[in-house]
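**Student:** Just to be clear, the model below is a prediction. Sequence and coordinates:
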Amino acid sequence: MAIQWFPGHMHLTRKAITERIKDIDVVIEVLDARLPGSSANPLLAELTGHKPTLKVLNKQDVADPERTALWLDWYNAQSVTRAVALDASEPAPARKLIDGCHQLAPNRGGMAKPMRVLICGVPNVGKSTLINTLTNKRQAKTGDEAGITKLEQRITLADDFYLWDTPGMLWPRISVEESGYNLAASGAVGRNAYDEELVALELLRRLQAHYAPLLEARYKLGLPPGAMAQMRDDELLEAIGRKRGAVLGGGRVNLQKAAEIVMTDFRTATLGRITLETPAEFEAWREVAALREAEREARKQARENRKKKGSGVREP
């Protein structure tokens, strides 16, 4: 199942970024440290060109620290890019972002050449919380819901440091299927764009493979060692629903309720510190997606050629 979500205000955000980027010195992209590859917007990379970029792996306090270290190394190895991990609600680490921007654009600063920064991210990565922390004010609305921020706003962090906040934006076509599931599980996608049961099943499949002890500790299913990894994801979801009392008449498990329980426990970090992907996994997903896209384009071109041939239109 492909998950897609690109509502109207995201089209406006794309236009706003295209106009604004001409006058920007540094781009801050806020990522979800639990899915640092999937929450990086490829459309943003196209719009911002080769502008220096500071990747902020937010929510690092609920992410797997070993995997966070892998992602920091991966991003810091890229050109004109720096990466830091932080919890946006903590003031001291957040203030380091200003220094990071000056390192990326050392010639900017002072009233004659103020630093101009664009801050972006997919929905629900904690960007608004970060802005409120940086300014020590409630400048931006926050909430555990995709699409809270709807308008661009300029924020002055210092006399020579201007920050433009943009609404959370995804991209028109999420070609990496695993990224779609991870974004939905994190709350970056509007609820009307996906089936919660299917997303919960995919989430459980990944957690079974890498974080089975955390699942057992949370839901106390009483399974023998190694048994959880051998269960089908639908069997596991049903067992969790039954354990947590999500039962309908006749003893049937309410799978919708069970899915909500699992995703809420992940989003609130009740399950523990989890990261859903490694750089190696994400690169492999992208390679598969690129092959699929190439095949899709080939089929599309073949259909167009058949139509031209059928209509008598000759190739130039």
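**Tutor:** Alright, I've got the coordinates. Numbering: from 1, shown residues only.
**Student:** wait, what's in contact with the nearest residue in space to residue 207 that is not next to it in sequence?
**Tutor:** Excluding the flanking residues, the one nearest residue 207 by C-beta to C-beta, 6 or more residues apart in numbering is residue 215, at 5.6 Å. Every C-beta, even on glycine, is put in place using the N, C-alpha and C of the backbone. By C-beta atoms under 8 Å, 6 or more residues apart in numbering, residue 215 lies in contact with 204, 207-208, 221, 228, 236, 271.
**Student:** If we go by neighbour counts, what in the lengthiest helix in the chain is buried?
**Tutor:** Determined from DSSP state H, the single longest helix within the chain is helix 279-311. For helix 279-311, burial by neighbour count (16 or more other C-beta atoms under 10 Å) applies to 279, 282, 285-286, 289.
**Student:** Make CSV from those and add distance to residue 244 and pLDDT to it.
**Tutor:** CSV is the format used below for these (distance: C-beta to C-beta, whole Å; pLDDT from 0 to 100):
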residue, distance to residue 244, pLDDT
279, 34, 98
282, 31, 97
285, 31, 96
286, 36, 95
289, 35, 92
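**Student:** quick one on the thing from earlier: in TSV, list the contacts of residue 215 along with secondary structure, pLDDT and neighbour count.
**Tutor:** Output for those, formatted as TSV (DSSP: H, G, I helix; E, B strand; the rest coil; pLDDT from 0 to 100; neighbours: other C-beta atoms under 10 Å):
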residue	secondary structure	pLDDT	neighbour count
204	helix	97	26
207	helix	96	23
208	helix	94	17
221	coil	94	15
228	helix	85	20
236	helix	96	25
271	coil	97	20
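**Student:** what's the closest of those residues to residue 136?
**Tutor:** Set against residue 136, the nearest of these by C-beta to C-beta is residue 271 (31.9 Å).
**Student:** what pLDDT, on average, does whichever strand or helix holds residue 10 get?
**Tutor:** Here residue 10, judged by DSSP states H and E, is contained in helix 8-20. For helix 8-20, the mean pLDDT works out to 81.
**Student:** hmm, who's touching the following helix or strand past it?
**Tutor:** Next along the chain after helix 8-20, taking DSSP H and E as the criterion, comes strand 26-32. The contact list for strand 26-32 (C-beta under 8 Å, 6+ apart) reads 21, 38-41, 44, 48, 51-59, 88, 97, 101, 104-105, 108, 115-122, 124-127, 130, 186, 188.
**Student:** tilt between strand 26-32 and helix 8-20?
**Tutor:** Interaxial angle, strand 26-32 versus helix 8-20 (axes from the mean of the first three to the mean of the last three C-alpha atoms, to 10 degrees): 150 degrees.
**Student:** Could I get the buried residue list for strand 26-32?
**Tutor:** For strand 26-32, by 16+ other C-beta under 10 Å, it's 26-32.
**Student:** cool, and stretch 191-199?
**Tutor:** 193-194, 196-197, 199.
**Student:** CA atoms of that stretch as PDB?
**Tutor:** Taking C-alpha atoms only, stretch 191-199 is exported to PDB below (Å, rounded to 0.1, in the frame of the first residue of the first chain):
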ATOM      1  CA  ARG A 191      -5.000  10.200   9.600                       C
ATOM      2  CA  ASN A 192      -7.300  10.100   6.600                       C
ATOM      3  CA  ALA A 193      -4.400   9.100   4.300                       C
ATOM      4  CA  TYR A 194      -3.700   5.600   5.600                       C
ATOM      5  CA  ASP A 195      -5.200   2.500   7.200                       C
ATOM      6  CA  GLU A 196      -4.100   2.400  10.900                       C
ATOM      7  CA  GLU A 197      -4.300  -1.400  11.000                       C
ATOM      8  CA  LEU A 198      -1.900  -1.800   8.100                       C
ATOM      9  CA  VAL A 199       0.500   0.800   9.400                       C
END
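**Student:** For it, give the mean pLDDT please.
**Tutor:** The model assigns stretch 191-199 a mean pLDDT of 92.
**Student:** Outside of that stretch itself, list whatever touches it.
**Tutor:** So stretch 191-199 is contacted by 1, 3-5, 180-181, 184-185, 237, 255-256, 259-260, 263 (C-beta under 8 Å, 6+ apart).
**Student:** Could you check how far that stretch is from the centre of its chain?
**Tutor:** Put simply, stretch 191-199 sits 16 Å off its chain's centre (C-alpha atoms, centre = their mean, to the nearest Å).
**Student:** With stretch 249-264 instead?
**Tutor:** Taking C-alpha atoms, centre = their mean, the mean C-alpha location of stretch 249-264 is offset from the chain mean by 25 Å.
**Student:** Check stretch 195-212 too.
**Tutor:** 17 Å.
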